[in-house]
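K.L.:
Structure for this input, please:
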Amino acid sequence: VNYREHKSFIIFPPGTERLYVAPSLTFEPSERTKITLLASLSKDWSELIPGQPAAGLVYAGPRGFYDRHVYIGDPKAMGSILQTVVTAGYELNHEFSDAVSLYQRARITDLDLSWLNLQQPLVYDPATGVQTEFSQDYFEDRRVYGIDTGLSIAASTGPVEHRLSVGVEYDGRRTNAESRLGFAPPVNLDLYNPDYSVFVYQPRTAVSTLASKSDSFGFYLQENAENGRPYLQLGGRFDSIDYGNGGESQSAFSPTVGATYEIDEGLALYASYARSFAPQAGLFDANGDQIDPERGEQYEAGLKFAPAGKRLNATLGIYQLTRSNVATGIPTMPGRYAVTGRRRSRGIEFDGQFAVTPAWQIIANYAYTDAKILQDNVLPVGDRVLGVPRHQAGLWTRYEMKEGSLQGLAFSIGGRYLSKQAGGVPNTYFLPAYTVVNANIAYRTGPLSFRLNVNNLFDKKYFISSVGEYFVVTGNPRTAMLTIGLSY
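P.N.:
Numbering: from 1, shown residues only. The predicted structure follows:
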């Protein structure tokens with residue numbers, strides 16, 4: 001059970017509440033059979049924090065900068081998001097023998113979503129600092145059925161150990177959505193000198209509905225073979241999706257191959273290749289048309305260093321990932337998505353952990369990513385992909401008292417760096433690079449635990465993400481959170 005409440009740093013502070021309950025029950029009818037019943041309930045109540053335009057926030061507008069704390073909405077009738085998600089299912093495992101076992105996982109998910117009184121930007125004029133707003137309500141009901149059934153088979157052929165998995169998976173989705181828009185009377189808010197009396201109710205005169213149905217089946221086979229130092233993985237998956245309602249059926253085969261070879265004790269070379277096919281049932285473009293499945297192709301190779309009993313382990317890898325039909329939510333049109341034709345990411349990634357002593361650990365990571373648009377009917381080819389920094393790095397250290405009167409006390413501090421990233425596509429502006437430092441103190445004694453987290457320790461002003469010129473998300477200023485836990 002988890003309950004959380006949070007208030008924003010924006011004026012008229014919008015709040016968020018979340019309740020999450022996830023009971024489970026496991027029983028074993030026999031020594032070789034195990035059944036786990038699963039359920040969950042999550043309820044979210046959120047007062048919407050509207051996005052802010054880039055001109056005057058990220059970079060100076062003709063009137064300079066407006067206050068980052070400004071609330072762009074009606075404080076008397078804040079936009080709100082109400083969401084309830086209920087799930088129920090089970091996991092079954094049965095061993096026919098020491099070598100052959102059956103598994104089955106099934107789940108039903110029910111989503112009820114309401115966005116009420118959203119204030120959306122129609123036009124923003126940087127010269128005057130005035131933003132014209134329209135109003136929106138959005139409702140969505142979605143039910144998802146899923147079941148995955150397969151066999152796991154272990155076998156040996158001489159010195160080679162095999163693990164074979166073969167199965168079939170079903171995914172069914174039913175979605176109904178409705179959007180209501182209001183444009184008059186006009187609402188014009190000056191972001192530099194906000195007068196909230198300009199907000200009046202705008203009758204929802206434009207109403208649109210969408211309904212979707214899809215059924216997809218996936219058939220997969222995977223073989224893992226190990227012979228001492230070499231390790232090989234081969235697999236394939238065939239997916240087919242039928243959108244119903246006279247929609248087009250689509251299918252694809254996605255192979256996977258990977259290999260690992262231990263060069264020396266604790267040092268291994270690995271490489272892999274995979275294709276993917278991900279149906280996007282229930283996702284519609286701006287015209288209300290069903291979006292085609294996302295397709296991907298990835299190459300990866302690298303080194304893993306993890307010697308037994310040593311204090312250092314690290315991974316260094318290079319990769320290339322190409323994706324097509326990538327859907328990105330349109331902020332002004334909940335339930336609608338913009339689609340990128342084809343994009344490619346290439347990069348290098350490093351992760352390392354070093355135990356200086358049993359009590360003192362250091363974690364470091366770095367990633368270089370070159371992500372750009374390769375093909376699209378609207379977006380400029382060669383532009384950088386939205387929200388992907390070229391450089392990311394992190395450094396974290398933790399020290400824990402292992403003995404004495406302060407046993408159970410731990411200190412941590414670390415930070416992350418992100419270089420500049422595209423704020424919109426086309427690349428008309430960039431979010432600046434930033435470094436954020438976080439710290440915490442934790443103490444555990446018996447069943448009780450205490451943790452004090454301080455995020456953005458030096459109160460850095462930064463921007464997390466953006467979608468075009470009108471929607472920038474500002475990072476939180478310095479915040480502190482105390483967590484008290486009881487385990488039993």
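
K.L.:
Could you use CA atoms for every contact and neighbour count after this?
P.N.:
Fine.

K.L.:
Helix or strand, whichever it is, which one in the chain has the lowest mean pLDDT?
P.N.:
The helix or strand of the chain with the poorest confidence is strand 2-7; it has a mean of 75 (mean pLDDT, DSSP states H and E).

K.L.:
which element follows that strand toward the C-terminus?
P.N.:
Downstream of strand 2-7, the next assigned helix or strand under DSSP states H and E is strand 15-21.

K.L.:
So which elements touch the least confident helix or strand of the chain?
P.N.:
strand 15-21 (3 or more C-alpha pairs under 8 Å, 6 or more residues apart in numbering; DSSP states H and E).

K.L.:
what sits up against the strand it packs on?
P.N.:
1-8, 40-47 (C-alpha atoms under 8 Å, 6 or more residues apart in numbering).

K.L.:
Give the pairing partners of the helix or strand following that strand; include direction for each.
P.N.:
As assigned by DSSP H and E, the chain's next helix or strand after strand 15-21 is strand 24-30. Next to strand 24-30 in the sheet, as set by DSSP bridges, lie strand 33-47 (antiparallel).

K.L.:
all strands of the stretch 351-488 of the chain, in order?
P.N.:
Assigned by DSSP state E, counting those that start in this stretch, the strands in the stretch 351-488 of the chain fall at 360-375, 391-400, 409-418, 421-422, 430-431, 434-445, 448-455, 463-467, 471-474, 479-486.

K.L.:
Residue 123: which of those is closest?
P.N.:
Of all the strands of the stretch 351-488 of the chain, it is strand 471-474 that lies closest to residue 123, at 12.1 Å by C-alpha to C-alpha.

K.L.:
contact partners of the closest one?
P.N.:
Counting by C-alpha under 8 Å, 6+ apart, 50-54, 68, 331, 423, 461-466 sit against strand 471-474.

K.L.:
quick one: which of those residues is nearest residue 110?
P.N.:
Using C-alpha to C-alpha, the contacts of strand 471-474 come closest to residue 110 at residue 331, 23.5 Å.

K.L.:
which element is that closest one on?
P.N.:
Following DSSP H and E, one finds residue 331 outside all helices and strands.

K.L.:
Identify the residues contacting it.
P.N.:
467, 471.

K.L.:
Report pLDDT for it.
P.N.:
Residue 331 is assigned 72 on the pLDDT scale.

K.L.:
now it: how far from residue 105?
P.N.:
Using C-alpha to C-alpha, to the nearest Å, residue 331 is found at 35 Å from residue 105.

K.L.:
Look up how far residue 269 lies from residue 165.
P.N.:
Note on residue 165: its distance to residue 269, by C-alpha to C-alpha, is 24 Å.

K.L.:
How about residue 336?
P.N.:
Separation of residue 336 from residue 269 (C-alpha to C-alpha): 43 Å.

K.L.:
Nearest the geometric middle of the protein, what residue?
P.N.:
Against the mean C-alpha coordinate of the chain, by C-alpha atoms, centre = their mean, the closest residue is residue 328 at 12.1 Å.

K.L.:
element containing it?
P.N.:
Per DSSP H and E: strand 312-329 holds residue 328.

K.L.:
Buried residues in that strand, which are they?
P.N.:
By neighbour count on 16 or more other C-alpha atoms under 10 Å, the buried set for strand 312-329 is 312-327, 329.

K.L.:
Equivalent analysis for stretch 421-437, please.
P.N.:
Under 16+ other C-alpha under 10 Å, the buried positions of stretch 421-437 are 421-427, 429-432, 435-437.

K.L.:
For it, the averaged confidence score.
P.N.:
Mean predicted confidence for stretch 421-437 is 94.

K.L.:
now do the same end-to-end measure for it.
P.N.:
From the first residue to the last, stretch 421-437 extends over 19 Å; the measure is C-alpha to C-alpha.

K.L.:
Also stretch 53-69?
P.N.:
First-to-last distance for stretch 53-69 - C-alpha to C-alpha - comes to 13 Å.

K.L.:
Give the buried residues for it.
P.N.:
For stretch 53-69, a neighbour-count test (16+ other C-alpha under 10 Å) marks 53-58, 61, 65-66, 68 as buried.

K.L.:
about what we covered before: partners of the residue nearest to the centre of the chain in the sheet?
P.N.:
Per DSSP bridges, the residues bridged to residue 328 are residue 338.

K.L.:
OK, contacts around it?
P.N.:
337-339.

K.L.:
Contact partners for residue 36?
P.N.:
Neighbours of residue 36 in contact, by C-alpha under 8 Å, 6+ apart: 24-27, 90-92.
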